[in-house]
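1. just coords:
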């Protein structure tokens, strides 16, 4: 009877998740020419991928982006969630402010990312303002089409993914625990480090998983904000697909998938989020 | 319940059938009296042809005019060059008309999704410019390096897969549009004269240069630059050896790591934005991008350079799936395309039409003088949307058709070492 109850979710997962992944793994061993690919069993795709120094430098770059983005989204996300959970008095206001945070997400991700370009450009609003305020006398080149711009866009796009789980977890913290800590003589900082952060860990972990997977797989943000000059793993895959090299793209996708799964596996070691769910 | 019969003893169903047969009989009778064009005119309105191609020629105005002049619907989809190649090779059922460039044709024709066209059905075949038939603009012209269109323009028969070098009567693509490309510059932001491709990598323009991120085209621009700099010598820029490719990419990777490039562009709108916003002052560009920047009131020049132009040509191909009425409609479309209205439209964006003679009828004498003959303009020159591009007394960058198309140094190409070139290009982008 329980099998019957599970069958919808199993068939959906099986058809839309398991089957495509199996297809990708199978195709990654195929051979390809200019414009077609045929069933085979060769390791050439993996061989080229794992022996090219471009692969390693791109992975390093993407991992750097991931780490820096994670750091900033964590700081900002935690602060905002903390403010929402503990400093806003009424539940009503909390929900309102929380919804306010999500409003920008009602527009397209891509539009929000692209709108940075006229803002940060050499003749853009940021530079014009700084110039007219007299703080600089030459436009800042590194604002746009640079790593700074990429990380700025990432943080802008993905902070919400940190705020939501952390806020969620914080709301569940029993306020009497904080009172007890205060009665026991803890200072504000000590309450933060000894009570709130440990209890928020599941939320932080969930948020981190979101941010890590999103940044590792991203290629559009990297391409537009760096002006096509920085590479990310997603770009390698999209380039290969654009050139009809599906087996090579599949091999890259499999390697990316394994990398991200390993990263998440490591992160899950630190926190058991099953308690949370 | 039973089906009720009316007075005449027919059921509703039988009555319907009778009316249908009556109607069909009448139509057949009428068609024999008035001839099949009546059915043709009726039916062709229901035909929809799906066309896809790069943004340069997938123009909504053309679709509107097709509906007006020919009656059927043309659905257009614009994609970037790599996606165009992908679709032509792998999604045969998704299109009826492929608007692709000749170098893309070389790549995808062997996939077998396109059918050759019978040149006897093409009205203006003899007026097509020589470049696309025997490869020579004028009888004295030299054939430039690279994948020249005529070398992939003809196949050996109605099911031909192999390219032939003479006019076999079966064309792969009907040439529709072509141009000679060069670097675009912002003359108001540059102090000196730009005369050579080598100046793209001039350290003076550090952080202000750009090149397009489409491997097959970008490599040709890169080759023009490296040859002009004297860094690399080439046997045939259109078919480079592994060594030449490696050296070219090394020069460019070094420039990239020195911060020479502000950004790369993949679609033509990005190139317009880069130039118009002043982020970039010198970059590879396509002709309509220049006119688009000019139409914003910003000075932009398509600079003729001493080493010559990189040229490309595009054409329309028919899907293998077309047959019957739709195939006839497609031939109508091709003949209409070459009959002048589209040619005039494209010329006003700075392209050349494959049959210049017919386009002449659709352009004013002043426009023809400006765009084709390289003469100074007498009045205002406007783009197809009516926005003024030039005032009186201006001349087209580069001069006349013969000046420009006669100075082609190489054609966009697909090389034998294509795989290697792509890998090297990706390494350059990722560096």
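-> That came in fine, so what should we check first? Quick caveat, the model's predicted, so the values are computed rather than measured.
2. separation between residue B:330 and chain A?
-> From residue B:330 across to chain A, the span is 23 Å (C-beta to the nearest C-beta, to the nearest Å). (Each C-beta comes from the backbone N, C-alpha and C, glycine too.)
3. for that residue, list the residues it contacts.
-> Counting by C-beta atoms under 8 Å, 6 or more residues apart in numbering or on different chains, residue B:330 touches B:49, B:96-97, B:318, B:322.
4. enumerate the residues of the stretch 51-200 of chain A near chain B.
-> Counting by C-beta under 8 Å from any C-beta of the partner chain, the residues of the stretch 51-200 of chain A lying close to chain B are A:52, A:54, A:57-58, A:117-118, A:121-124, A:141, A:144-145.
5. just the buried residues of those.
-> Burial by neighbour count, 16 or more other C-beta atoms under 10 Å in any protein chain shown: within those this picks out A:52, A:54, A:58, A:117, A:121-122, A:124, A:141, A:144-145.
6. could I get those residues as JSON lines with secondary structure, distance to residue A:23 and pLDDT?
-> Converted to JSON lines, those look like this (DSSP: H, G, I helix; E, B strand; the rest coil; distance: C-beta to C-beta, whole Å; pLDDT from 0 to 100):
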{"residue": "A:52", "secondary structure": "coil", "distance to residue A:23": "25", "pLDDT": "82"}
{"residue": "A:54", "secondary structure": "helix", "distance to residue A:23": "26", "pLDDT": "81"}
{"residue": "A:58", "secondary structure": "helix", "distance to residue A:23": "24", "pLDDT": "88"}
{"residue": "A:117", "secondary structure": "helix", "distance to residue A:23": "36", "pLDDT": "86"}
{"residue": "A:121", "secondary structure": "coil", "distance to residue A:23": "42", "pLDDT": "84"}
{"residue": "A:122", "secondary structure": "coil", "distance to residue A:23": "45", "pLDDT": "82"}
{"residue": "A:124", "secondary structure": "coil", "distance to residue A:23": "44", "pLDDT": "84"}
{"residue": "A:141", "secondary structure": "helix", "distance to residue A:23": "44", "pLDDT": "81"}
{"residue": "A:144", "secondary structure": "coil", "distance to residue A:23": "39", "pLDDT": "86"}
{"residue": "A:145", "secondary structure": "coil", "distance to residue A:23": "37", "pLDDT": "86"}
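7. need the max-distance pair from those.
-> Pairwise distances across these peak at 36.4 Å for A:52 and A:124 (criterion: C-beta to C-beta).
8. count of residues packed around residue B:48?
-> 12 (other C-beta atoms under 10 Å in any protein chain shown).
9. can you count the residues close to the residue in the stretch 301-431 of chain B that chain A sits nearest to?
-> Across the stretch 301-431 of chain B, no residue is closer to chain A than residue B:430, which sits at 3.5 Å (C-beta to the nearest C-beta). As a burial measure, residue B:430 scores 20 neighbours (other C-beta under 10 Å).
10. tell me the secondary structure for the closest residue to it other than its chain neighbours?
-> Excluding the flanking residues, the one nearest residue B:430 by C-beta to C-beta, 6 or more residues apart in numbering or on different chains is residue A:231, at 3.5 Å. On the three-state scheme (DSSP: H, G, I helix; E, B strand; the rest coil), residue A:231 is labelled coil.
11. got the phi and psi for residue A:231?
-> phi -110, psi 150 (degrees, to the nearest 10).
12. dump the residue contacts of it.
-> A:54, A:58, A:61, A:222, B:429-430.
13. 10 Å instead, please
-> A:54, A:57-59, A:61-62, A:219, A:222-223, A:239, B:426-427, B:429-431 (C-beta atoms under 10 Å, 6 or more residues apart in numbering or on different chains).
14. what's around the closest residue to chain A within chain B, how many residues?
-> Proximity of chain B to chain A (C-beta to the nearest C-beta) peaks at residue B:263, 2.4 Å away. For residue B:263, the number of neighbouring residues by other C-beta under 10 Å comes to 27.
15. next one, pLDDT for it please.
-> Looking at residue B:263, its pLDDT reads 89.
16. beyond the one helix or strand it maps to, next helix or strand please.
-> Residue B:263 belongs to strand B:261-265 when assigned by DSSP states H and E. Using DSSP H and E, the helix or strand that follows strand B:261-265 in sequence is helix B:268-276.
17. does that following helix reach chain A?
-> Yes. Counting by C-beta under 10 Å from any C-beta of the partner chain, chain A is contacted by helix B:268-276 at B:270, B:273-274, B:276.
18. check whether the helix or strand that that helix is followed by comes near chain A.
-> Counting by DSSP H and E, the element after helix B:268-276 in chain order, helix or strand, is strand B:282-284. No. Judged by C-beta under 10 Å from any C-beta, strand B:282-284 stays clear of chain A, getting no closer than 11.5 Å.
19. just checking, next helix/strand downstream of strand B:282-284?
-> helix B:287-295.
20. now for that following helix, which elements pack on it?
-> Judged by 3 or more C-beta pairs under 10 Å, 6 or more residues apart in numbering or on different chains; DSSP states H and E, the packing partners of helix B:287-295 are strand B:174-181, strand B:183-185, helix B:268-276, strand B:301-303, strand B:381-382, strand B:388-390.
21. model confidence over that helix, on average?
-> 84.
22. buried ones in the helix or strand where residue A:261 lies?
-> Assessed by DSSP H and E, residue A:261 sits inside helix A:246-270. Under the neighbour-count criterion of 16+ other C-beta under 10 Å, helix A:246-270 has A:246-256, A:260, A:263-264, A:267 buried.
23. residues near residue 62, how many?
-> No chain specified, so I'll use chain A. Counted with other C-beta under 10 Å, residue A:62 comes out at 25.
24. let me rephrase: I mean chain B.
-> Using other C-beta under 10 Å: residue B:62 sits among 20 other residues.
25. pLDDT, secondary structure and distance to chain A for the contacts of residue B:330 - can I get that in a markdown table?
-> Below are the contacts of residue B:330 laid out as a markdown table (pLDDT from 0 to 100; DSSP: H, G, I helix; E, B strand; the rest coil; distance: C-beta to the nearest C-beta, whole Å):
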| residue | pLDDT | secondary structure | distance to chain A |
| --- | --- | --- | --- |
| B:49 | 88 | strand | 24 |
| B:96 | 90 | coil | 20 |
| B:97 | 90 | strand | 19 |
| B:318 | 90 | strand | 19 |
| B:322 | 87 | coil | 21 |
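26. where does the stretch 51-200 of chain B have low pLDDT?
-> B:55-57 (pLDDT under 70).
27. quick one: strands adjacent to the strand holding residue B:263?
-> When pairing is defined by DSSP bridges, strand B:261-265 lines up against strand B:209-212 (parallel).
28. what parts of the stretch 51-200 of chain B come near chain A?
-> Residues of the stretch 51-200 of chain B lying near chain A (C-beta under 10 Å from any C-beta): B:80-83, B:85-86, B:88-90, B:106-111.
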